[in-house]
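K.L.:
let's see this in three dimensions:
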Amino acid sequence: MCYKEIMIKIRIFYVLVFPFFFVLSLYAQRPFSLPKQFSVSQVIKVGSGEIIQRIFVDGDKIRVEGPTGIQQQINIIRKDKKIIYTLFPDEHIYFEHPIKEETPLYDITPGDPSAKWTLLGTENLQGALCSKYLMESKAGKATFWIEKETGAPIQIMPEKGNIVVVWKDYKVGPQPEDLFVIPSGFQQIENYSIDPGNKEPGQEEKKPLPLPASPHQVQ
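P.N.:
Residues are numbered from 1 along each chain as shown. Prediction:
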């Protein structure tokens, strides 16, 4: 499967699953909860391919590292400042844009309170005992494996899309502050638009990796 096909499937996954996976922590019926400070490696498997992301969360600050095309990209989501920074480390450049209600794939509104969770039993996964749940919502169905010891979701499998998301190296605790600021030596791209229609003639188009919904909805 080519990289383009993988990214298309991942975009579909983010739209259908993540706004409910993370934001449903607002509701008492959820079978898991996430702390305000943690880090994790997220492996998104699509068919025979996979993309690995690193996610760091510290309250209103989120950092997502992952590949886009042939280069790495970093998204720093500063909900406290209502700004998203997108960095291209290979080129030492970055741009910023505000967080708005219509910002794609960054869900700052409550999830679907009518989602239904059904316990399917227990399974051993990644050497850990997990509770297996079926989540049913207006967006579709997905199966979750919640580790009993940590209470974290370590695997998600949507009903459609041939996608599996695996969490590894999940660690709870404060994250270094320098993960959420622009490093020295990076040049800001002025007047950059995430809308390709506003691209200046001859300007190379950057295609940021889709932003996942916030890994933790801070109360």
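K.L.:
and the next helix or strand past the lowest-mean-pLDDT helix or strand in the chain?
P.N.:
Within the chain, confidence by mean pLDDT, DSSP states H and E is lowest for helix 18-23 among all helices and strands, at a mean of 40. As assigned by DSSP states H and E, the chain's next helix or strand after helix 18-23 is strand 37-46.
K.L.:
tell me how many other residues crowd V46.
P.N.:
For V46, the neighbour count with other Cβ atoms under 10 Å is 22. Where C-beta positions appear, they are placed from N, C-alpha and C, glycine not excepted.
K.L.:
34 is where my numbering starts, stick with that
P.N.:
That works, and once the first residue is 34, the last one we named lands at V79.
K.L.:
ok, it touching I196?
P.N.:
Yes. If you go by Cβ atoms under 8 Å, V79 and I196 touch, sitting 5.4 Å apart.
K.L.:
buried ones in stretch 200-220?
P.N.:
For stretch 200-220, a neighbour-count test (16 or more other Cβ atoms under 10 Å) marks 200, 203, 208, 212-213 as buried.
K.L.:
from these, which ones fall inside helices?
P.N.:
Secondary structure defined by DSSP state H assigns none of the buried residues of stretch 200-220 to helices.
K.L.:
out of those residues, list just those in strands.
P.N.:
Using DSSP state E, 200, 203 are the members of those that sit in strands.
K.L.:
with just CA atoms, put whichever helix or strand T176 is part of into CSV.
P.N.:
For T176, the host element (DSSP H and E) is strand 173-180. Extracted C-alpha coordinates of strand 173-180, given in CSV (Å, rounded to 0.1, in the frame of the first residue of the first chain):
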residue,chain,number,x,y,z
GLY,A,173,-19.6,4.4,13.8
LYS,A,174,-18.3,1.5,15.9
ALA,A,175,-14.9,0.7,17.2
THR,A,176,-13.3,-1.9,19.6
PHE,A,177,-11.1,-0.7,22.4
TRP,A,178,-8.7,-2.6,24.6
ILE,A,179,-8.2,-0.9,28.0
GLU,A,180,-5.3,-2.0,30.1
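K.L.:
can you list the strands that the helix or strand that it is followed by pairs with?
P.N.:
Later in the chain than strand 173-180, the nearest helix or strand by DSSP H and E is strand 186-191. Strand pairing for strand 186-191, using DSSP bridges, gives strand 173-180 (antiparallel), strand 196-205 (antiparallel).
K.L.:
T151: which of these is closest?
P.N.:
Closest approach to T151 among the strands paired with strand 186-191 is made by strand 173-180 (9.9 Å; Cβ to Cβ).
K.L.:
report the buried residues of that closest one.
P.N.:
175-180.
K.L.:
likewise stretch 178-187?
P.N.:
Using 16+ other Cβ under 10 Å as the burial criterion, the residues of stretch 178-187 that qualify are 178-180, 183, 185-187.
K.L.:
could you give the mean pLDDT of that stretch?
P.N.:
The average pLDDT within stretch 178-187 is 92.
K.L.:
can you give me the end-to-end span of it?
P.N.:
Using Cα to Cα, to the nearest Å, one end of stretch 178-187 lies 6 Å from the other.
K.L.:
got the contact list for it?
P.N.:
54, 64-67, 73, 155-156, 158-159, 161-166, 177, 188-189, 199-201, 203, 205 (Cβ atoms under 8 Å, 6 or more residues apart in numbering).
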